[in-house]
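Kindly generate the corresponding structure for this input.
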Amino acid sequence: MIELVLPVLLGALVAGATASLVFPLVNRIAMAVRAVDYPGGRRLQREAIPRMGGIAIAAGIATGTFLPSLMIWHRWVERATSVQSSLLFLGTVLVFLIGLADDVIGLSCIQRFLVQIVAAVGVVYGGVDLGFWGGFVTVVWIVGVTNAINLLDGLDGLAGGVAAIIATSLLIFAWIQANALTVLLMSAIVGACLGFLRHNWAPAKIYMGDSGSLTLGFLLAVMSLRASMKGAATVAILVPILALGLPVIDTLLVMAVRFIEKPQGSLLRRFARMFQADRNHVHHLMTRAAPGRKQIVLVIYFVAACFCAMALVVAVSRSAALGSALVVVEFLVVLLMRNLGLRREARILSLQHRQQVRQGFMAGAQRTAG
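Model prediction:
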């Protein structure tokens, strides 16, 4: 694997430079087609910001993977058949294009899901499968993680930074396994995310949009499975769950809350509500309680890095018992983060209510005295 050092460094540098340098062009394109996010709704910014940064990320990943792969083509061919590589490429392009279309014209969640399912099925057909877990579970995993990363894109620099952290852990694991394809692709993702963060860090000049978050989510979902396929069946599913635990667990908890918060509705409506966007993810809850958004992003970075370290420990030890215990730990950590946000928000609302009551009482007393 010594021969991979130069290609990996080159891939990361090329990807980072590309993602950063194409920003002016992407910015002009986004403004021309009016792919812009305005303040309000789930967005917390104060001005209009273009949302087609996924083009820069995709360009970075493409150049950061293609050029170094030519340097070690023999290893690339050994690790992946032309069918596997082609289906991964086609699936990634499909997900990127549906995200780009959503950035420009807006699409329904059903339209996005259908394309993601087609892309995931193609990858499974190409050989990415969890054995007895079956292709169905693999497709659910890929589509679920793809959207979990998409939902994480709620604060400046958050999704890009977390994706870079996860990709770094998968790169290390793939390096241990001598998986050249995954190593090169993860190095390109790390470089592209860091190059993009130059313009996405608070205050953001551009958002990655669905074209960026869905593409990153799809690649991380697929390659997390490829990185762990050599292990025992249980460990093979625990490693990606641990590495991607923050976005995955938070998304599952949010979906559960959406399902049970209005039990009077029909079962079908409650199920449909699980997939509706809102501002109840962990980063949203934390911003309601604490004003320092940059600090919140750094805290989430730290948590994501700890989760990825747990995944690497389980991957090296190959202990299913340890992996299962750490999944419980991650669940409790995410639950604690959400509860802290909810409690601090409730405290703030309670104080505001008391002030309103006091002001009303004082105003009433003044009218009575007058």
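
Look through every helix and strand of this protein and give the one with the lowest mean pLDDT.
helix 73-79 (a mean of 55; mean pLDDT, DSSP states H and E).

The helix or strand just after it - contacts with which helices or strands?
Sequence-wise, the next helix or strand downstream of helix 73-79 (DSSP states H and E) is helix 82-104. Applying 3 or more CB pairs under 8 Å, 6 or more residues apart in numbering; DSSP states H and E, we find helix 82-104 packed against helix 54-71, helix 109-125, helix 209-228. (C-beta placed from N, C-alpha, C; glycine too.)

For residue 242, which non-adjacent residue is spatially closest?
Leaving aside its chain neighbours, residue 242 sits nearest to residue 311 (3.7 Å; criterion: CB to CB, 6 or more residues apart in numbering).

Provide the secondary structure category for that neighbour.
Look at residue 311: counting by DSSP: H, G, I helix; E, B strand; the rest coil, its state is helix.

and it, how many neighbours does it have?
30 (other CB atoms under 10 Å).

which residues sit in contact with it?
Residues counted as contacts of residue 311 (CB atoms under 8 Å, 6 or more residues apart in numbering) are 169, 173, 239, 240, 242, 243, 245.

quick revisit: between the helices and strands packed on helix 82-104, which one is nearest to residue 38?
Comparison of the helices and strands packed on helix 82-104 against residue 38 by CB to CB identifies helix 209-228 as nearest, at 13.6 Å.

Next up, the contacts around residue 281.
Contacts of residue 281 by CB under 8 Å, 6+ apart are 151, 152, 154, 250, 251, 254.

Okay, and which of those map to strands?
The members of the contacts of residue 281 all map outside strands under DSSP state E.

Pick the most deeply packed of the helices and strands packed on helix 82-104.
A comparison of the helices and strands packed on helix 82-104 by mean neighbour count, using mean count of other CB atoms under 10 Å, puts helix 209-228 on top with a mean of 28.

Tell me the helices and strands packed up against the host helix or strand of residue 199.
Using DSSP H and E, residue 199 maps to helix 180-200. Judged by 3+ CB pairs under 8 Å, 6+ apart, helix 180-200 is in contact with helix 5-21, helix 54-71, helix 73-79, helix 158-176, helix 209-228.

ok, residues contacting the next helix or strand after the first one?
Yep, that's helix 5-21 we're talking about. Using DSSP H and E, the helix or strand that follows helix 5-21 towards the C-terminus is helix 23-32. Contacting residues not belonging to helix 23-32 are listed as 35-36, 50-53, 55-56, 103, 198-199, 205-206 [CB under 8 Å, 6+ apart].

could you give the mean pLDDT of helix 23-32?
Helix 23-32 shows a mean pLDDT of 92.

for that helix, the distance to its chain's centre please.
A distance of 23 Å separates the centroid of the chain from that of helix 23-32, by CA atoms, centre = their mean, to the nearest Å.

For residue 323, give me its contacts.
234, 235, 238, 239, 242, 314 are the contacts of residue 323 under CB under 8 Å, 6+ apart.

tilt between the helix holding residue 199 and helix 82-104?
20 degrees (axes from the mean of the first three to the mean of the last three CA atoms, to 10 degrees).
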